[in-house]
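Enquirer: What follows is a predicted protein model with its sequence.
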Amino acid sequence: MIDTLAGRLDEAAVSHTAVAQFGADAGLDVTTAYAVQEALVARRLDRGEALVGLKLGLTSRAKMTQMGVDEVIWGRLTDAMHVPNGGTVDLSGRIHPKVEPEVAFLVEGGEIAAIAPAIELIDSRYVDFRFTLPEVIADNTSASGFVVGPWRPVPDGVDNLGVLLEVDGRVAQVGSTAAILGDPRRALPEAARLAGELRDGWVLLAGAATAAVPLRPGAHVRVTVEQLGTASLRASA
């Protein structure tokens, strides 16, 4: 079952075609879902991609409410998901993409070495962007892409920095880093507990500070985090 479900999700991502939810029919639980996620990402690694980090999901109350779940989850990041700061995202390779403001950490020696503003691009492979908790875990927590702004030392008061998400120069979401586990630095021990592995040089996306917003063709997205600076991307027309 694990390989079959991983194959369905991989094909959905490669063909840019949403698949029907299968959790109920498959009797999918959280433990099995993470096994599906591992098999799914393994297919990407077999095609030449490399692991470059981890992400936490559903760390903010806004995200939990938006997705109808109440448990922190984690997924894997590969080098093919990385979008250069200010770069362009090809929407023809996505199904129904959304963006959300994040804080990223650089991991060295099991500790936080640096911090940066970030954007995560999410793109559920399920029809209508609807899923159960095990289904989204199996789908690598909807991971599709990420942008990391300039790295800098972790400032004081990182537990309550203002976060602004703008689309085409207009405010789309306003939030605070406090929405990320109460303090985004808690993402490091949480990720270590959940995933059991944090390699030197990896990027850790701590979680979304606000609810996600749809990414439309031609849109310019900018995230500003107080004291940290900005990260941006543009969607292809």
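Expert: Perfect, thanks for sending it. Since the model is a prediction, treat every value here as computed from it, not as a measurement.

Enquirer: for the chain, which helix is longest?
Expert: helix 30-46 (DSSP state H).

Enquirer: That one: which residues count as buried?
Expert: Judged by neighbour count using 16 or more other C-beta atoms under 10 Å, the buried positions of helix 30-46 are T32, A33, Y34, A35, V36, Q37, A39, L40, V41, R43, R44. Every residue, glycine included, has its C-beta placed from N, CA and C.

Enquirer: Run through who's touching it.
Expert: Contact partners of helix 30-46, identified using C-beta atoms under 8 Å, 6 or more residues apart in numbering, comprise 1-3, 5-7, 9-10, 28, 51, 75-76, 78, 80, 133-135, 137-141.

Enquirer: Weed out the non-buried ones from these.
Expert: Of the contacts of helix 30-46, these count as buried by 16+ other C-beta under 10 Å: 2, 5-6, 9-10, 28, 75-76, 78, 133-135, 137-141.

Enquirer: Okay, and which of those map to strands?
Expert: Among the buried ones among the contacts of helix 30-46, the members found in strands (DSSP state E) are G75, R76, T78.

Enquirer: For the last one, which non-adjacent residue is closest in space?
Expert: With C-beta to C-beta, 6 or more residues apart in numbering as the measure, E49 is the residue that lies nearest to T78, at 4.1 Å, once sequence neighbours are left out.

Enquirer: For the one you found, the count of nearby residues, please.
Expert: E49: 16 surrounding residues under other C-beta atoms under 10 Å.

Enquirer: burial count for P84?
Expert: So P84, with other C-beta under 10 Å, has 9 neighbours.

Enquirer: which residues does it contact?
Expert: V147.

Enquirer: repeat for G182
Expert: Per C-beta under 8 Å, 6+ apart, neighbours of G182: D159.

Enquirer: Am I right that L188 sits in a helix?
Expert: Yes - if the criterion is DSSP: H, G, I helix; E, B strand; the rest coil, then L188 is within a helix.

Enquirer: ok, it to N85 distance?
Expert: From L188 across to N85, the span is 22 Å (C-beta to C-beta, to the nearest Å).

Enquirer: show me where this protein has helices.
Expert: Going by DSSP H, the chain shows helices at 2-15, 23-26, 30-46, 61-67, 133-138, 187-195.

Enquirer: before we move on, the earlier item: return the member of the ones in strands among the buried ones among the contacts of helix 30-46 nearest to P214.
Expert: Checking those against P214 with C-beta to C-beta, the nearest one is G75 at 20.2 Å.

Enquirer: Now the closest one. Nearest residue, chain neighbours left out?
Expert: Spatially, and ignoring its direct neighbours in sequence, G75 is nearest to T141 (3.4 Å; C-beta to C-beta, 6+ apart).

Enquirer: Let me know the pLDDT of that neighbour.
Expert: On pLDDT, T141 comes in at 96.

Enquirer: Run through the residues that contact it.
Expert: Q37, K55, G57, I73, W74, G75, I122.

Enquirer: can you pick the most crowded of the residues you listed?
Expert: Most surrounded of the contacts of T141: other C-beta under 10 Å gives K55, at 30 neighbours.

Enquirer: how much space is there between that residue and L77?
Expert: K55 sits at a distance of 6 Å from L77 (criterion: C-beta to C-beta).

Enquirer: Overlap in contacts, these two.
Expert: A143, F146, L205.

Enquirer: picking that back up, taking the mean pLDDT, what do you get for the longest helix of the chain?
Expert: In the prediction, helix 30-46 has an average pLDDT of 97.
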